[in-house]
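J.: Build me a structure from this.
(one chain, ligands or ions: 1)
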Amino acid sequence: MESTIANLIKAQEIQKSITYLEKEIELMPARREEALSKIENNEKKVISSKQEIVEIEKEIENISKLIEEKKKEIENLDNDTSYSTSSKNEKEEKRKDLGMQIDNYKKKIEDLEEQKHKKYKDIQTNEATLKVLKEELIKEEENIKNNRQKKIDELQDLLNKKKEILANIDDDIIEKFDRIFRNKGDLAIVPVYNNYCSGCNMILPFSLINKVKAQKEIVFCPYCSRMLYFSEDEIV
Ligand SMILES: [Zn+2]
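T.: Predicted coordinates:
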């Protein structure tokens, strides 16, 4: 049983690397997908900003036409000699009114120009982001191309090594060991130190600790179900 425990501890170290590598391999395409969707989002933003600019320009054009119309009205008014002396005030009022309308239109155009300017800035920002994102994507694709197979090979090596170490151990124990590791996500076998289970920090009964010390069987922590071994080393 002594060697079983020693081998389980060794296998656990390997299992940590296995778990890490599996995550790495799994995350590789996910990172690529993430980069792709960010790029798509930014491209959509650029396109919609461009469309908005077209709309704004149309509106400016329409308002400019209105201004021209109002100017024409003023011109007509100025050329209109039918106003008698008494209605000169009326004519002046009309003229003022048209002038105010033109001013309002001009103000609207100014606002629209400002909006347009903002949209151009948005496009610039998004295009700069796009450039960075596309560079990142290329790097990620290179990374996948160069490293994924390497990591898969590395993983296979580790799995073989683990199998070798556990070769003389009952399948039943290995199964439990793997299950605990999976469930806990960190450790399946932990040392008892100062009467504590170092997996869950609970105080263990002496009878149980004696069983752990005797190394005649695999002992499980009654609180966290991890496998236990005895260690006099201080746990940091
Ligand atoms: Zn425990």
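
J.: these two touch, right, residue 1 and residue 219?
T.: No - using C-beta atoms under 8 Å, residue 1 makes no contact with residue 219, being 10.0 Å away. All C-beta atoms are positioned from the backbone trio N, CA, C, and that covers glycine.

J.: These two: which has the busier surroundings?
T.: When neighbours are counted by other C-beta atoms under 10 Å, residue 219 comes out ahead of the other of residue 1 and residue 219, with 23 against 12.

J.: and that one, what does it touch?
T.: The contact partners of residue 219, taken as C-beta atoms under 8 Å, 6 or more residues apart in numbering, are 208, 211-212, 227-228.

J.: tell me which element the residue nearest the centre of the chain falls in.
T.: If you average the C-alpha coordinates of the chain and look for the closest C-alpha using C-alpha atoms, centre = their mean, you land on residue 34, 6.9 Å from that point. In this structure, residue 34 is located in helix 2-79 according to DSSP states H and E.

J.: which helices and strands does that helix pack with?
T.: helix 88-165, helix 171-184, strand 189-193, strand 227-230 (3 or more C-beta pairs under 8 Å, 6 or more residues apart in numbering; DSSP states H and E).

J.: can you give me the end-to-end distance of stretch 207-224?
T.: Between the start and the finish of stretch 207-224 there is a gap of 17 Å, counting by C-alpha to C-alpha, to the nearest Å.

J.: so where is the chain shaky, pLDDT-wise?
T.: Confidence mapping of the chain against pLDDT under 70 gives the ranges 233-236.

J.: Any residues of it in contact with the ion? List them.
T.: Within the chain, the positions adjacent to the ion are 197, 199-200, 221, 223-224 by C-beta under 5 Å from the ion.
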